[in-house]
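Asker: here's a sequence, model it:
(one chain, ligands or ions: 1)
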Amino acid sequence: MTAFEIEPGRLFIGGRWREAADGARTEVIDPSRGTVVTTVAEAGAADVDAAVRAAREAYDDGAWSGLSGRERGRILHRVAELIRRDAEELAALESLDVGKPITLCRAVDVTNAANDYEHYAALAHSLHGANRDTPLNALAYTRREPLGVVAAITPFNFPLILAGSKIAPALAAGNTVVHKPADETPLSALRMAALLAEAGVPDGVVNVVTGTGPVAGEALLRHHGVDKIAFTGSTAVGRHAASVAGQALKPVTMELGGNAAHLIFGDADLEKAVGAIIKGFVFNTGQFCMGGPRLLVARPVYETLLGILAEAVPGVPVGDPRSPETVVGPMAGEKHLRKVEEYVDLARKEGGRIVCGGERLDLDGGYYYRPTVIADLPNDSRVVQEEIFGPVLTVQPFDSEDEAVALANSTPYGLASGVQTGSLARAHRVAERLQAGIVWINDWAMLDPAVPFGGVKDSGFGREYGPEALAAYTKVKSVVVSLD
Ligand code: NAD
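Answerer: Residues are numbered from 1 along each chain as shown. Next up, the predicted model:
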């Protein structure tokens, strides 16, 4: 596969493509080469205002919110079909924009995006209120109504999937949307705007404003015409977004950072566990909120497992994301690469033992870093406690189940966690004690739109996926009808 020409991107507002009001544009970089692939319009506050107004008008005219759930579901099914029709193009776009291996884009990003729309297409006509039994001489029932205009703000690492995880349930429930994709990875959002329109989503129901967080994101966050903020990104920006929403008393979903622990007990099948361990920290070049960058290992198997990792990790194919053999591509941007380098330098200063990796990979001018395993860091080191967001695994020993759980729960984050054990009883016991929104047993990153995910503590609140997410895009109204 070779690089291909991408048309310059424009904003999608009210069903029309347009330039930013002030004509501003920004470059999109191919992280595997460090070269400019195209430019996209950079929205200012006036463009965001136009997008929110378009979404409000579309909501108020009822062309979408007034459809039955079944009718909306039919159109969302069509979106899933169109994603599958254009799977190859979408995969190539996502790979170019984010630097993800093309095989990953096909198998995970595009497949899951289609699954998201299909899932919520099916759930769209399952939304219903309930009759309530009361002592009143009245018929009491609840209605599930859409919220109105949803602001969807998404991060750079899974652009297609994380847009779908918001837009699909928001649309299924009858809302309209303004989507602001991440500054550095806007391309698939623009392609999806065209596919949603082709599927029959009416003008103004989904609007896409590309631009920076501090300008376009901030304007969207603060816009009085927005009824809900669905945010995925870092804990620092999420904290800010939640406080702005708090002042305006707007509902929010906050999907924030992670730093998950992967617990390896002495009774685990190590040969099998090693695949899950490697997947947990190299998947998406470690730019995975639900990755497992902290490995906690029972002391009797600690050195054995380090030996297995020292052999296996250097064999993971790192390279050009266009190659079907590649498992680990470049970091999505230069600033992300620099952050990883800084953390690995810090690990050396904090007394870490570099088991393998620990350096950049010089290839085609891209932002590559070798998968890196670091042992023996103290638990209070910054490298253990903070979110690195790169292909770096820290490994620490533990002496008891209690200590393993305490170490796992010792960071501010609580998004995901994993347990490798041969004991069913231990698996359930430990899963209950882990502070995380999802716990995987004897594998890593098993995800499906039917299974809710989200965080606790500094990883945020609210859930995406499952009927839980659909409910979060609705408000409940009670109707009480006198029978006198
Ligand atoms: P980020 O917080 O820098 O940016 C996320 C989005 O917020 C982007 O669209 C950005 O432009 C926007 N933004 C930035 N400043 C803003 C502001 N002042 N007002 C409004 N919007 C603003 O995050 P990132 O670097 O793109 O993504 C990586 C982070 O996202 C990591 O911390 C990762 O763990 C997290 N993440 C979480 C999940 C999850 O499901 N919990 C999933 C993926 C990524």
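
Asker: residue contacts, residue 276?
Answerer: 262, 292, 418, 420, 440, 442, 443, 444 (Cβ atoms under 8 Å, 6 or more residues apart in numbering). Backbone N, C-alpha and C define where each C-beta goes, glycine included.

Asker: mark which of those residues are buried, thanks.
Answerer: Buried residues within these, counting neighbours by 16 or more other Cβ atoms under 10 Å: 262, 292, 418, 420, 440, 442, 444.

Asker: so the second one versus the ligand, what's the distance?
Answerer: This means residue 292. 13 Å (Cβ to the nearest ligand atom, to the nearest Å).

Asker: on that earlier part again, farthest-apart pair in the buried ones among the contacts of residue 276, please.
Answerer: The widest separation within those, taken as Cβ to Cβ, falls between 292 and 442 and amounts to 12.8 Å.

Asker: near the ligand, which residues of the protein?
Answerer: 153-158, 162, 180, 182-183, 213-214, 217-218, 221, 232-234, 237, 240-241, 255-258, 289, 387, 389, 415, 455, 459-460 (Cβ under 6 Å from any ligand atom).

Asker: mind checking which of those land in helices?
Answerer: If you go by DSSP state H, the residues of the chain next to the ligand have 162, 218, 221, 237, 240, 241 in helices.

Asker: neighbours of the fifth one, how many?
Answerer: What that stands for is residue 240. Here the neighbour count serves as a burial measure; for residue 240 (other Cβ atoms under 10 Å) it reads 17.

Asker: ditto for residue 464
Answerer: Residue 464 has 24 neighbours, counted by other Cβ under 10 Å.

Asker: show me the buried ones among the contacts of residue 276 that map onto strands.
Answerer: 262, 418, 420, 440 (DSSP state E).

Asker: need the buried ones from the residues of the chain next to the ligand selected in PyMOL.
Answerer: The buried subset of the residues of the chain next to the ligand, as determined by 16+ other Cβ under 10 Å, is captured in PyMOL by this line:
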select buried, resi 153+154+155+156+157+158+162+180+182+183+213+217+218+221+232+233+234+237+240+241+255+256+257+258+289+387+389+415+455+459+460
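
Asker: and which of the ones in strands among the buried ones among the contacts of residue 276 is nearest to residue 97?
Answerer: Distances from these to residue 97 were compared by Cβ to Cβ; the smallest belongs to residue 440, at 28.0 Å.

Asker: point out where this structure drops to low pLDDT.
Answerer: Under the criterion pLDDT under 70, the flagged ranges of the chain are 1-4.

Asker: and residue 221, how close does it get to residue 140?
Answerer: Relative to residue 140, residue 221 is positioned 37 Å away (criterion: Cβ to Cβ, to the nearest Å).

Asker: what about the helices in the stretch 101-250 of the chain?
Answerer: With DSSP state H, counting those that start in this stretch applied, the stretch 101-250 of the chain shows helices at 102-104, 111-124, 159-172, 187-199, 218-222, 235-247, listed in chain order.

Asker: and the fifth one, what does it pack against?
Answerer: Here helix 218-222 is seen to pack against helix 45-61, strand 149-153, helix 235-247 when contacts are counted using 3 or more Cβ pairs under 8 Å, 6 or more residues apart in numbering; DSSP states H and E.

Asker: pull the residues that contact that helix.
Answerer: Residues from elsewhere that reach helix 218-222, judged by Cβ under 8 Å, 6+ apart: 43-45, 48-49, 51-52, 151, 153, 178, 180, 209, 226, 229, 241, 244-245, 248.

Asker: where do the strands sit along the stretch 301-450 of the chain?
Answerer: If you assign secondary structure with DSSP state E, counting those that start in this stretch, the strands in the stretch 301-450 of the chain sit at 353-356, 360-361, 368-369, 372-375, 392-398, 416-420, 438-441.
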